[in-house]
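In: Compute the structure for the input listed below.
(one chain, ligands or ions: 2)
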Amino acid sequence: MKTTITIVDNLSTNKSSYTQAVDLLTRGEVVAFPTETVYGLGAIATSEEAVAKIFEAKGRPQDNPLIVHIGSKEEISAFTHDIPKLAEVCMDMFWPGPLTLILPLKSDTLAKNVTAGLETVGVRMPEHSVALELLKQLKQPVAAPSANKSGKPSPTKAEHVFHDLAGKIPLILDGGTTGIGLESTVIDFVSDTPTILRPGGVTKEMLEKVIGQVSVAKSTDHEDAPRAPGMKYAHYAPDSPVYLIENSITKVQQAVKKIHSEQKKVAIIASDLFSQIKGDYFFSLGKENQLGDAGHLLYQALRSCDETDVDIILVPVLSKEGVGMAIMNRLEKAANGKWFHI
Ligand code: TXA
Ligand code: MG
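Out: Numbering: from 1, shown residues only. Ligands and ions are numbered 1, 2, ... in the order given. As a prediction, this is how the structure comes out:
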């Protein structure tokens, strides 16, 4: 299959820019599109056959459910029921935006493979002009995971999608680099206390200001059955192993020395404060303590390592405040819990 990339001006609501995408989706094909978090790979959420093409293109495990994207709030009554009051409050406050709500699913509405047979569904309204315009023109809910090959960092540019999925999908809408760079916050409103299953751009602090106490699921807890089924799989992983390391120039310098003494090559992914260290590759997460920039740059940095001959990737840990919680969550997964002790 030939994969076309169509550049869409973010300010354009010109129908013709979307005609091909709307036609393909309506015919049960998949299309990649930008959102404010990462690029998604969409299919009509009511078609089992169309949704199956997402799993196939990504190589995604069947038991990992997809997020349903909508262009207007009214759409959710067609496939959810008994929406808790606090969930309503969050939708009004944070939509469109990087917040996915897990809500009770109305049976026999969406294709079964969207929710992996669960009785709940994850829903969000993206805050990106291209995604919103596409959804509004389509007038149907779209199931869309991140548009990467399963296990790889999510795509923040159309070229990342092309790298992973060329030949497997017919169309990528190119709306430039995504803003936030990390996937949406997933919050479960089916449990007694609202629970963050995946931290993201809407932070715990922001949520608690609006709805009071929220819990955070421990994604590292391997004892329990994972609550966001996606949590149990390898994620965001470059080809070479990622190690977390203490946020200290001296420690990173010592680690580089040790790695070099073993004739190995090392990449450092860190704030510009670490750029002076003589590793083999350096990928910047922006200025020190600018967590928003770090989130925006993280996946590009992880992907860049795959273009090198590096043996080990070192990442000094960042603060877990605010969006730092989401960044560290992705990094802990990318590292699969590994630490470089020196
Ligand atoms: O920012 C985002 O959320 C991006 C863009 C494209 O919208 N999408 C995205 O989708 O990250 P995906 O499939 O890569 O991640 C969906 C996450 C997975 O961890 C999945 O297990 C969880 O949401 N999830 C989806 N439906 C769920 C449900 N009913 N119950 C629990 N977790 C669910
Ligand atoms: Mg994903």
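
In: Only C-alpha atoms from now on, for both contacts and neighbour counts.
Out: Will do.

In: for Ser304, what are its contacts?
Out: By Cα atoms under 8 Å, 6 or more residues apart in numbering, the residues touching Ser304 are Phe283.

In: oh, and call the first residue 35 from now on, that's how I've got it
Out: Got it, the first residue is 35 from now on, which makes the last one we talked about Ser338.

In: Quick check: it is in a helix.
Out: Yes - under DSSP: H, G, I helix; E, B strand; the rest coil, Ser338 sits within a helix.

In: State the distance from it to ligand 1.
Out: Using Cα to the nearest ligand atom, to the nearest Å, Ser338 is found at 20 Å from ligand 1.

In: next one: Arg232
Out: Arg232 sits 7 Å away from ligand 1, going by Cα to the nearest ligand atom.

In: pLDDT score for the residue of the chain most remote from its centre?
Out: Distance from the C-alpha centroid of the chain peaks at Ser295, with 36.6 Å (Cα atoms, centre = their mean). Ser295 is assigned a predicted lDDT (pLDDT) of 98.

In: What number of residues are in the vicinity of the residue nearest to Pro118 when sequence neighbours are not counted?
Out: Nearest residue to Pro118, sequence neighbours excluded (Cα to Cα, 6 or more residues apart in numbering): Phe223, at 7.1 Å. By other Cα atoms under 10 Å, the residues close to Phe223 number 21.

In: Then the one 5 residues further on?
Out: Summarising burial for Pro228: neighbours were counted as other Cα under 10 Å, giving 22.

In: got the contact list for it?
Out: 221-222, 247-249.

In: and the closest residue to Gly234 other than its chain neighbours, how far is that from ligand 1?
Out: Nearest non-adjacent residue to Gly234, counting by Cα to Cα, 6+ apart: Thr219, 3.9 Å away. Thr219 sits 7 Å away from ligand 1, going by Cα to the nearest ligand atom.

In: Give me the pLDDT for Thr219.
Out: Thr219 is given a pLDDT of 98.

In: and what of the one 10 residues further on?
Out: The predicted local confidence for Thr229 comes out at a pLDDT of 97.

In: Just give me the neighbour total for the closest residue in space to it that isn't next to it in sequence.
Out: The spatially closest residue to Thr229, leaving aside those adjacent along the chain, is Ser249, at 4.5 Å (Cα to Cα, 6+ apart). Neighbourhood size, Ser249 [other Cα under 10 Å]: 15.

In: Roughly how far does Ser249 sit from ligand 1?
Out: Separation of Ser249 from ligand 1 (Cα to the nearest ligand atom): 15 Å.

In: Equivalent analysis for His194, please.
Out: Per Cα to the nearest ligand atom, His194 is found 13 Å from ligand 1.

In: number of nearby residues for Lys243?
Out: For Lys243, the neighbour count with other Cα under 10 Å is 9.

In: what about it, helix or strand, and which?
Out: Element membership for Lys243, per DSSP states H and E: helix 238-245.

In: which strands and helices sit next to that helix?
Out: The contact analysis (3 or more Cα pairs under 8 Å, 6 or more residues apart in numbering; DSSP states H and E) places helix 238-245 against helix 119-128.

In: so the helix it packs on versus helix 238-245, what angle?
Out: Calculated by axes from the mean of the first three to the mean of the last three Cα atoms, to 10 degrees, helix 119-128 forms an angle of 120 degrees with helix 238-245.

In: Just the C-alphas of helix 119-128, formatted as CSV.
Out: Taking Å, rounded to 0.1, in the frame of the first residue of the first chain, the C-alpha atoms of helix 119-128 are listed here in CSV:
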residue,chain,number,x,y,z
LYS,A,119,-21.3,14.3,37.9
LEU,A,120,-17.5,14.8,38.5
ALA,A,121,-16.8,13.4,35.0
GLU,A,122,-19.2,16.0,33.6
VAL,A,123,-17.3,18.7,35.5
CYS,A,124,-14.0,17.5,34.0
MET,A,125,-15.4,17.5,30.4
ASP,A,126,-16.6,21.0,30.8
MET,A,127,-13.4,22.2,32.3
PHE,A,128,-10.8,20.3,30.2
